[in-house]
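S.K.: dropping the sequence and predicted coords here.
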Amino acid sequence: MLSPAQEQALGQRLLREVRRSLPLSQDPLLVNYVRSLGQRLVAHVPDGGHSHYRFLVVENEAVNAFAMPGGVVGINTGLMRITRNEAELAAVIAHEIAHVTQRHIAQAHAAGSRSDLATGLAILAGIIASAYAPELGQAAIVGGMAGGTQARLNFTRAKEAEADRIGVRILAEADYAPGAMPDFFERMMRQAGGGGDAVPEYLRTHPVTTRRIAETRDRADAYEPRDRITDSPEFRLMRARVRALEDPQDVLARQETGEGKDRAADLYGHAIALMQQGRSQEALEAIDAAAREGGDGIALYLELARAEALLSGREQAPERALKILERLQQLYPDYPPVTQIQARALLAADRPALALETVDRLLEQDTEHPALYRLKAEAADRMGDTAISHEAMAEYYFHHGQYREAVRQLDIALSAPALETHLEQRIREKRETAVRLAQEGDGA
């Protein structure tokens, strides 16, 4: 069995490979929402270790999710689109967290003939295949490690049952309706009734049987009946945002036919879709209409959407956006989406020094957010700081597992004139790490 330290180290390496291989969302609101939901659930895991989890949003319409060693959990946007409420989404995330807490993938890794990076990359290949070709992915993850068709089936059923049990517990202790897990399973199974292409990807990588649903329902029913969280305004807005970002034309068509049931969320999604088409003034009008609908918990998101609209389209108004963002910064200090959009607005307003300072403040909270390094690189470049700009781009590529490109960026940074001693030393240390990992990758 891998030690926890080995698992964390492997997880960090595989995380960079996932960033290189999968289309991960960089949308600050979606990323922050899924992270916050995940951390709320992680706070209730039986064995602690809350600080090591990383929650990713994969831009993929397939209804699926995955877990990896070291606390990496990925959620497809397709899953966010199809879940009916926040409790269902939380149920899937809790199930994946349980795979991590019970160290299922780490056990598969240790069961391999070689417990090294090559075995880890084999598991990763299976996870990535699951996202795009699920019938291949499950075999790659489990079949290659456990060996034999029956052994693979038993391994999968046993681990899925254990993840259900722990997941229902996490869900209930986080005050979500535990019945959301069997509800979601039942719906996926009904959708698969036609067989063939009708089978959701989630069922291909997480096999569901009537017995499994019944057992999960029994566990959920064992909890004391009382009011628990089923849905939230944030979830409905974020689901609308996913739909608008992925298919703005469809969202606009649906809005015109009045098919939606949640007027505020529908108008919010309508505004995001209009922004995708550069129709910022119409987006602002849709946001105003959503605000008139009212509702708890949506004011922050509407104000952020207003700032986004002012930064989109041909007639940008970054100074107006900054006034909104400065007010939000006072109400929600260091809330990551506000700060990240504020940095974008500062760049649009040609204030790169303040943008750089803003991004650095965010990086103090999260050193592993690649999109921030790209933003930092742009701000430093606008200031004419070659070394910092290329060092930031090196970090961006490093976190995407592109170690040779990271080395190239660091070499450019080292060639900058009048490089301060402490900065040169820091860049050289990063270069040594990137070179070593590039060589290890060649060996794997």
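M.R.: That came through fine.

S.K.: any low-confidence regions in the stretch 251-400 of the chain?
M.R.: Across the stretch 251-400 of the chain, the ranges flagged by pLDDT under 70 are 256-260.

S.K.: do you have the strands of it handy? List them.
M.R.: For the stretch 251-400 of the chain, no strands are identified by DSSP state E, counting those that start in this stretch.

S.K.: now do the helices in it.
M.R.: Assigned by DSSP state H, counting those that start in this stretch, the helices in the stretch 251-400 of the chain fall at 263-276, 280-293, 299-310, 318-331, 336-348, 352-365, 370-383, 386-398.

S.K.: what's the answer for the stretch 101-250 of the chain, then?
M.R.: 104-111, 117-132, 134-138, 144-146, 149-173, 180-191, 201-205, 210-221, 233-246, 248-257.

S.K.: lowest-confidence stretch among the ones you listed?
M.R.: Note on the helices of the stretch 101-250 of the chain: helix 144-146 shows the lowest mean pLDDT, a mean of 37.

S.K.: need the helices of the stretch 251-400 of the chain in CSV (columns: distance to residue 240 and mean neighbour count).
M.R.: Quick note: C-beta positions are derived from backbone N, CA and C, even for glycine. Below are the helices of the stretch 251-400 of the chain laid out as CSV (distance: least, C-beta to C-beta, whole Å; neighbours: other C-beta atoms under 10 Å):
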stretch, distance to residue 240, mean neighbour count
helix 263-276, 3, 24
helix 280-293, 10, 18
helix 299-310, 10, 22
helix 318-331, 20, 17
helix 336-348, 16, 23
helix 352-365, 25, 18
helix 370-383, 22, 21
helix 386-398, 30, 23
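
S.K.: quick one: closest of these to residue 404.
M.R.: Residue 404 lies closest, by C-beta to C-beta, to one member of these: helix 386-398, at 8.5 Å.

S.K.: and the angle for that closest one with helix 352-365?
M.R.: 40 degrees (axes from the mean of the first three to the mean of the last three C-alpha atoms, to 10 degrees).

S.K.: tell me how far helix 386-398 lies from the chain's centre.
M.R.: Offset of helix 386-398 from its chain centre (C-alpha atoms, centre = their mean, to the nearest Å): 23 Å.

S.K.: and it, what does it pack onto?
M.R.: Judged by 3 or more C-beta pairs under 8 Å, 6 or more residues apart in numbering; DSSP states H and E, helix 386-398 is in contact with helix 370-383, helix 403-414, helix 421-443.

S.K.: so what touches that helix?
M.R.: 16, 356, 370, 373-374, 376-378, 380-381, 403, 405-407, 409-410, 412-414, 416, 419, 423, 426-427, 430, 433-434 (C-beta atoms under 8 Å, 6 or more residues apart in numbering).

S.K.: list the contacts of the nearest residue to residue 163 once chain neighbours are set aside.
M.R.: Counting by C-beta to C-beta, 6 or more residues apart in numbering, residue 98 is the residue found nearest to residue 163 once chain neighbours are left out, at 4.1 Å. When contacts are counted by C-beta under 8 Å, 6+ apart, residue 98 touches 162, 163, 164, 165, 166, 167, 170.

S.K.: most neighbours, which of those?
M.R.: Counting neighbours by other C-beta atoms under 10 Å, residue 167 comes out on top of the contacts of residue 98 with 28 neighbours.

S.K.: how much space between that one and residue 88?
M.R.: Distance check for residue 167 against residue 88: by C-beta to C-beta, to the nearest Å, it reads 12 Å.

S.K.: follow-up on the earlier one: a markdown table for the helices of the stretch 251-400 of the chain, including distance to residue 255?
M.R.: Formatted as a markdown table, those follow (distance: least, C-beta to C-beta, whole Å):
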| stretch | distance to residue 255 |
| --- | --- |
| helix 263-276 | 4 |
| helix 280-293 | 8 |
| helix 299-310 | 15 |
| helix 318-331 | 24 |
| helix 336-348 | 24 |
| helix 352-365 | 33 |
| helix 370-383 | 29 |
| helix 386-398 | 36 |
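
S.K.: looking at those, which is closest to residue 185?
M.R.: Nearest to residue 185, of the helices of the stretch 251-400 of the chain and by C-beta to C-beta, is helix 263-276 at 25.3 Å.

S.K.: packing partners of the closest one?
M.R.: Looks like helix 263-276 contacts helix 233-246, helix 248-257, helix 280-293, helix 299-310 (3+ C-beta pairs under 8 Å, 6+ apart).

S.K.: next, the angle helix 299-310 makes with it.
M.R.: Going by the same axes, to 10 degrees, helix 263-276 makes 20 degrees with helix 299-310.

S.K.: which residue ranges make up each domain of this structure?
M.R.: 4-221, 232-316 (automatic domain parsing).

S.K.: surely residue 407 touches residue 435?
M.R.: Yes: counting by C-beta atoms under 8 Å, residue 407 does reach residue 435; the two are 5.8 Å apart.

S.K.: so which of the two has more stuff around it?
M.R.: Between residue 407 and residue 435, residue 407 has the larger neighbour count (other C-beta under 10 Å), namely 20 against 15.

S.K.: the closest residue to the more buried one other than its chain neighbours: neighbour count?
M.R.: Using C-beta to C-beta, 6+ apart and skipping the chain neighbours, the partner closest in space to residue 407 is residue 434 (4.8 Å). Residue 434 sits with 23 neighbouring residues when counted by other C-beta under 10 Å.

S.K.: circling back: so which strand or helix has the residue nearest to residue 163?
M.R.: Residue 98 belongs to helix 86-101 when assigned by DSSP states H and E.

S.K.: for the record, mean pLDDT for that helix?
M.R.: On average, helix 86-101 scores 92.

S.K.: and the helices of the stretch 251-400 of the chain: which comes nearest residue 67?
M.R.: Among the helices of the stretch 251-400 of the chain, helix 370-383 sits nearest to residue 67 (C-beta to C-beta), with 20.5 Å.
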